[in-house]
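Peer 1: Show me the folded form of this:
(one chain, ligands or ions: 1)
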Amino acid sequence: MTGIRPLVAGNWKMNGLGSSLAELASLRNRLEAAPVPETDIMVCPPATLLSRAREIVDGSSIMIGAQDCHPLPSGAHTGDISAEMLADAGATAVIVGHSERRTDHGESDTLVQAKALAAYRAGLMAIVCIGETEAHYRDGKTLDILRTQLEGSVPEGARATNTVIAYEPVWAIGSGLTPTPQEVAQVHGLIRTVLGQMLGDAEAGGTRILYGGSVKPSNAAELLFVPEVNGALVGGASLKAVDFYEILSVYAGTRS
Ligand code: 13P
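Peer 2: Numbering: from 1, shown residues only. Sure thing, here's the model as predicted:
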C-alpha cells in the first residue's frame, strides 16, 4: 500500500436514462449496508443525469463526476457545457481527454490541458485520461506516447488534490483485453516518474494514477493491487451496481 487513498470512478459514457438512476440508488444502499472504508467512490453519469444523480447520493460517500467540459466558462458554444455548469449541477470532478473524445472529436493534448484548467477554475478535480492505441502498443511506443500525452495534457499547476491521472490503453477499453499486471506496474511507474519531473516529487507522489480498460469483478483485485495503481476508471461494469460494488469492494478490509 502506498498510503494514497484510492479512487474508483464509474464512467457511464453515453448510457443512462432517468430509470438508470435506480442503479445509483442501489449502489448507495449497498455502501450503506457494507461500507468500503478509506476509498473514494465516484459515478460519472451523462450530463443529463448529473443533478438528479447528485440528489440520490447526497449524504452518502458517493461523489458525482462529469465526463467532459468546454474550456470556457460561458459563451456562444451551442451544445457545450462548461465546468462551472457541471459544478452547479452537483459534480465535483470531470473526466477530460478520454480516448473516446480524443478519437470521436479529435481532441488534442492542448485542448485537454485547457479543459483541465477549466476544471480547476470551477473548483472541480480533473481526471486526465491518457493511453496508447493498439498500434502504439504493438510497436513498443507506449511509454513515449504516454510521456507526450502527460506533458501536453497535464497543466503546470496540477496538484495531487486537484488532478487524477487515468491510464486507459485504448485497446483495452471495452475489449475484454487488459495489459498484464507487470505491464501496468511498469506504465504506472513511468507515469509517476514523468509527473515527478513535471510537478515535483511531492505532488507526483500523492497523485492518484488509476487504471482503466475492461476492469470487471473477476480481474479487479489483480489489477488494483498492482504497485502504483491507486484505483480504477470503470466503464461497462459501472453500469450495474452489483458489479461496480464488487469491484470497489476489493479495497474492503485492506486497511485498518
Ligand atoms: P470499459 O471498462 O468498458 O472497458 O471502459 C473503460 C473506460 O473507458 C472508462 O473510462
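Peer 1: From here on, just use CA atoms for contacts and neighbour counts.
Peer 2: Noted.
Peer 1: Which stretches in the stretch 151-256 of the chain count as strands?
Peer 2: Using DSSP state E, counting those that start in this stretch, the strands assigned to the stretch 151-256 of the chain run over residues 163-167, 208-212, 231-234.
Peer 1: In PDB, list the C-alpha atoms belonging to the second one.
Peer 2: The reference is to strand 208-212. Coordinates of each C-alpha in strand 208-212 appear next as PDB, following Å, rounded to 0.1, in the frame of the first residue of the first chain:
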ATOM      1  CA  ARG A 208      -3.700   9.100  -7.900                       C
ATOM      2  CA  ILE A 209      -3.000   7.100 -11.000                       C
ATOM      3  CA  LEU A 210      -6.000   5.000 -12.000                       C
ATOM      4  CA  TYR A 211      -6.100   2.000 -14.300                       C
ATOM      5  CA  GLY A 212      -8.900   1.800 -16.800                       C
END
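Peer 1: what helices or strands is that strand leaning on?
Peer 2: If contacts are counted by 3 or more Cα pairs under 8 Å, 6 or more residues apart in numbering; DSSP states H and E, strand 208-212 sits against strand 7-11, strand 163-167, helix 181-199, strand 231-234.
Peer 1: Quick one, which of the ones you listed gets closest to the ligand.
Peer 2: When these are compared by Cα to the nearest ligand atom, strand 231-234 sits nearest the ligand, at 4.3 Å.
Peer 1: Relative to the closest one, what are the paired strands and their orientations?
Peer 2: Paired strands of strand 231-234, with direction, are strand 7-11 (parallel), strand 208-212 (parallel) (DSSP bridges).
Peer 1: near the ligand, which residues of the stretch 151-256 of the chain show up?
Peer 2: Contact residues of the stretch 151-256 of the chain with respect to the ligand, defined by Cα under 6 Å from any ligand atom, are listed as 173-174, 212-215, 233-237.
Peer 1: want to throw the strands paired with strand 231-234 into a markdown table with mean neighbour count and mean pLDDT?
Peer 2: Conversion of these to a markdown table gives the following (neighbours: other Cα atoms under 10 Å; pLDDT from 0 to 100):
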| stretch | mean neighbour count | mean pLDDT |
| --- | --- | --- |
| strand 7-11 | 24 | 98 |
| strand 208-212 | 27 | 98 |
